Every structure is written in C-alpha cells, then in structure tokens.
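> What follows is a predicted structure for the sequence shown.
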Amino acid sequence: DQTKGSSTYRESLRRQVYARTNNVEAQISDLQENIDVNPQDEKDYLNLIFVYSENGQIEEAYATAKELLKVNPESQLVHLALYKFYIADKEPEKAVNSMEILLESDQIDEVTKYQALNDFLIYVTENPSLEEDLIRLVE
C-alpha cells in the first residue's frame with residue numbers, strides 16, 4: 001500500500017484475514033491509522049463504521065459517522081448509517097433528512113435504497129406522525 005497505493009484487491013484480502021482471525025482490534029487500529037493518514041478518504045470511515053456496528057460498538061460507530069460528516073459534509077454514503085443512528089436516538093427530522101439524501105443518491109444502489117426504505121417504513125409504523133414524510137420520500 002505504501003509503494004503502490006491502496007487497492008480493492010488488497011482491501012478485500014485484508015478484510016478476509018481479519019474475519020478469519022477475528023482480530024477486530026487490529027482491524028479497527030488499521031482503519032483508524034488510515035484515517036489519520038488520509039482523513040479525506042471516506043471509505044476507511046465507512047469500513048470503520050461497519051466494523052464498530054458489527055461488533056456492537058454503536059456509540060463508536062455513531063461518533064465515526066459524525067466525524068465523517070464533519071470532514072466531508074457532502075458525503076452521501078454516510079447516511080446509510082446515520083439514518084439508523086438518528087432513528088435510534090429518536091431524532092426523526094434528522095432521520096428523514098438522511099433518508100432523503102440516500103434515496104436521491106446516485107452512489108447507492110437500488111437494493112440498498114429499498115432496504116433503507118423498509119427500515120424507515122417500520123419506523124413510521126411506530127411513529128405515524130412521520131407518514132407524510134414517508135409519502136414525500138417515496139414520491
């Protein structure tokens with residue numbers, strides 16, 4: 001990576017090694033180091049959010065998502081995580097805003113958008129006051 005730059009193939013191998021060895025701390029450390037070296041690269045933030053979330057470290061995942069949004073306010077992919085955090089924190093306005101960004105994004109595939117919309121639909125059934133927002137988002 002230092003001589004040739006990052007590559008998708010090596011990143012994939014690295015994830016496989018971490019998964020098989022279950023060395024979460026090394027993976028987190030590696031991602032944090034990458035962020036320190038290149039704070040503008042959102043992929044490392046997104047991977048770190050995923051690792052934290054998969055390991056039940058929700059507060060750390062949320063803090064990382066907020067940090068990414070601060071570093072890159074135009075990030076669309078971060079809203080895949082943020083809408084869930086906003087729902088959990090009972091911040092419906094922010095959740096709606098994140099849903100709007102991710103549904104309008106050309107960086108997010110349709111299947112992922114439908115999954116997010118399904119999550120939001122479940123949230124709306126528990127919070128009927130957001131029904132108008134849901135209708136607007138679907139349109």
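Nice, thanks for sending it over.
> so where's the longest helix in the protein?
Ranked by residue count, the top helix of the chain under DSSP state H comes out as helix 110-126.
> now that one, how far from the chain's geometric center?
15 Å (CA atoms, centre = their mean, to the nearest Å).
> tell me what the following helix or strand past it is packed against?
Using DSSP states H and E, the helix or strand that follows helix 110-126 towards the C-terminus is helix 131-138. Under the contact definition 3 or more CB pairs under 8 Å, 6 or more residues apart in numbering; DSSP states H and E, helix 131-138 sits against helix 92-104, helix 110-126. C-beta: built from backbone N, CA, C; applies to glycine.
> re earlier: report the angle between the longest helix of the chain and helix 131-138.
Counting by axes from the mean of the first three to the mean of the last three CA atoms, to 10 degrees, helix 110-126 lies at 170 degrees to helix 131-138.
> could I get helix 110-126 in PDB with only the CA atoms?
Output of helix 110-126 as PDB, limited to C-alpha atoms (Å, rounded to 0.1, in the frame of the first residue of the first chain):
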ATOM      1  CA  GLU A 110     -31.500   0.400  -5.700                       C
ATOM      2  CA  VAL A 111     -31.500  -2.700  -3.500                       C
ATOM      3  CA  THR A 112     -29.800  -0.800  -0.600                       C
ATOM      4  CA  LYS A 113     -32.200   2.100  -1.000                       C
ATOM      5  CA  TYR A 114     -35.200  -0.300  -0.800                       C
ATOM      6  CA  GLN A 115     -33.700  -1.900   2.400                       C
ATOM      7  CA  ALA A 116     -33.300   1.500   4.000                       C
ATOM      8  CA  LEU A 117     -36.800   2.500   2.900                       C
ATOM      9  CA  ASN A 118     -38.100  -0.700   4.500                       C
ATOM     10  CA  ASP A 119     -36.300   0.200   7.800                       C
ATOM     11  CA  PHE A 120     -37.800   3.600   7.700                       C
ATOM     12  CA  LEU A 121     -41.300   2.200   6.900                       C
ATOM     13  CA  ILE A 122     -41.100   0.100  10.100                       C
ATOM     14  CA  TYR A 123     -40.100   3.200  12.000                       C
ATOM     15  CA  VAL A 124     -43.000   5.200  10.500                       C
ATOM     16  CA  THR A 125     -45.500   2.500  11.600                       C
ATOM     17  CA  GLU A 126     -44.300   3.100  15.200                       C
END
